[in-house]
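**Q** model this:
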Amino acid sequence: MLRNRATKILATLGPASSDESVIEALYLSGADVFRLNFSHGSYTDHAARLAAIRRIEARNRRPIGVLLDLQGPKLRISTFEEGRAELQSGGTFVFDQDGTPGNQHRVCLPHPEIFAAAAVGDILLVNDGLLRFKVKEVSMSRLTTEVLVGGAISDRKGVNVPSATLLLPALSEKDRSDLEFGLEQGVDWVALSFVQRPEDLHEAREVIRGRAKLLAKVEKPAAVDHIEEIIDAADAIMVARGDLGVELPPEEVPVIQKRIVRLCREAGKPVVVATQMLESMVNSASPTRAEASDVATAVYDGADAVMLSAESASGRYPVEAVSMMNRILEHTEGDPSYRQLMRAVGPRDSATTTDAIGAAVRTITGVLPVAATVTYTTSGATAMRVARERPVSPILSLTPYQSVARQLALLWGTSSLQVEDAKDVEEMVFRASDAAQAAEFATEQKPILVAAGMPFGTPGSTNLLRIVWPSR
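**A** Model prediction:
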């Protein structure tokens, strides 16, 4: 059950990792949560992968989290007469709503939301920013632009409008269908793409109705502008550096990443750093040294999890990528300066009993050789507040709900077990000691800490902390 690290690994499944044997190899190599990317693949593909994960979970007797990543609204140009056109920098190019095929002078952009939001001076990016356009004239059906960076433009390439907040629905019709399917299959987390404002999360929550936790992907400048409100509205955050790096200058992304990680840690919300972490391992059996340093930076900052995308989904070396990620995490966390650097960011003080218990856990684990901190939780909140403090000891979360145990697989330093709820304090202590021993945390020489709430089974009522010595 034990991992020799606190930072979690989120691995994306895809064509290179669909077989159950490969998925189990990814799990055994270090994957804690699996991502199903609904931008690709069929419902049959995703259902088969999820069923394989559940069989692997049953064999290994350890909860495994599954994250459904929704595609979100995709903005694309239409088609060209010859499939493509060559644009020269400095020329004029028009985006309009005429449905006829485009040419070297114009193309259809079938998204009225862009025309409604665009202003003179805005920048349009096409094909992940390889082509850049500056808006010169605006009407409700026509954008006249100057080509800042030209090149080949072809059918159905994606469009980004970094400086505008587009009035798009948070969930497309495809997203709604995908979300219902995933919830019926039993996913544990839902990732909402292209979040721009906290209100975007409300629509998804209405559909989810408590059946999964909601993660907001930060990949738009508008989301960065509203980041604190989005953190408050979400259950977790992902720093999706790929799309964020298209819409923002590359030099701004590292600073934004550190800020978001800090704010999430202060708020006690899990945060995932994602995209291009070991990108070279899509085609190479080893990463660049810069990529290894990038992963280590997220660890030093105290991120809850790091993510592999194409590396594990479609790359040539999916198992090797997870194994390498695992080794980087273990080695970085073994650095004597790791905790000092991670604690440069502290949690936000709040006058609650739960946070007081969490602060006490941090203090005690810094003084006593605690084998594990055992938390009893019905919603996962107790484990999250304890993990927020980044204690020295590992966290073992006991919950009566399998869904909560799986959701906590994303949480820093936390292992989970599904157990029956305790009836009184003595039974709680007995079960905590027994679970810690079974999970190979406890030893005869080291105590465990037990954190729980009274009365039992009441979410958000953490008010009890007990030090338990196995030999006393």
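**Q** So which bits of stretch 76-95 are buried?
**A** The neighbour-count check on stretch 76-95 (16 or more other Cβ atoms under 10 Å) flags 77, 78, 79, 80, 85, 87, 93, 94, 95 as buried. Glycine gets a C-beta too; all of them are placed from N, C-alpha and C.
**Q** Alpha carbons only: can I get it in CSV?
**A** What follows is stretch 76-95 as a C-alpha-only set of coordinates in CSV (Å, rounded to 0.1, in the frame of the first residue of the first chain):
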residue,chain,number,x,y,z
ARG,A,76,-12.1,26.4,-34.4
ILE,A,77,-12.0,28.0,-37.8
SER,A,78,-13.9,26.3,-40.6
THR,A,79,-12.4,24.9,-43.9
PHE,A,80,-10.5,26.2,-46.9
GLU,A,81,-11.1,25.7,-50.6
GLU,A,82,-7.9,23.8,-51.0
GLY,A,83,-7.6,22.6,-47.4
ARG,A,84,-5.1,25.3,-46.5
ALA,A,85,-3.8,28.7,-47.4
GLU,A,86,-0.4,30.5,-47.0
LEU,A,87,-0.5,33.9,-45.2
GLN,A,88,2.2,36.5,-45.3
SER,A,89,3.1,38.5,-42.2
GLY,A,90,1.9,42.1,-42.5
GLY,A,91,-1.0,41.2,-44.8
THR,A,92,-4.8,41.5,-44.1
PHE,A,93,-6.9,38.5,-43.2
VAL,A,94,-10.7,38.4,-42.4
PHE,A,95,-12.6,36.1,-40.1
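**Q** Can you give the contact residues for it?
**A** Applying Cβ atoms under 8 Å, 6 or more residues apart in numbering, the contact partners of stretch 76-95 are 99, 101-110, 114, 124, 126, 131, 133, 136, 142-159.
**Q** What about these, which are in strands?
**A** Secondary-structure check on the contacts of stretch 76-95 using DSSP state E: residues within strands are 106-108, 124, 126, 131, 133, 136, 142-149, 151-154, 159.
**Q** Hmm, residue 212 and residue 205 touching each other?
**A** No. Under the criterion of Cβ atoms under 8 Å, residue 205 makes no contact with residue 212, lying 10.1 Å away.
**Q** By neighbour count, sort out the buried ones in the contacts of stretch 76-95.
**A** 102, 104, 106-109, 114, 124, 126, 131, 133, 143-145, 147, 150, 153-154, 157, 159.
**Q** Now name the helix or strand holding residue 396.
**A** Element membership for residue 396, per DSSP states H and E: strand 395-399.
**Q** Test my guess that residue 11 contacts residue 26.
**A** Yes. Counting by Cβ under 8 Å, residue 26 is a contact partner of residue 11 at 5.4 Å.
**Q** More neighbours: these two, which one.
**A** In this view residue 11 and residue 26 are compared by other Cβ atoms under 10 Å, and residue 11 has more residues nearby, 28 against 25.
**Q** who has more neighbours, residue 205 and residue 212?
**A** residue 212 (23 against 15).
**Q** which one is the more buried one nearest to, not counting chain neighbours?
**A** The shortest distance from residue 212 to any non-neighbouring residue, by Cβ to Cβ, 6 or more residues apart in numbering, is to residue 190 (5.0 Å).
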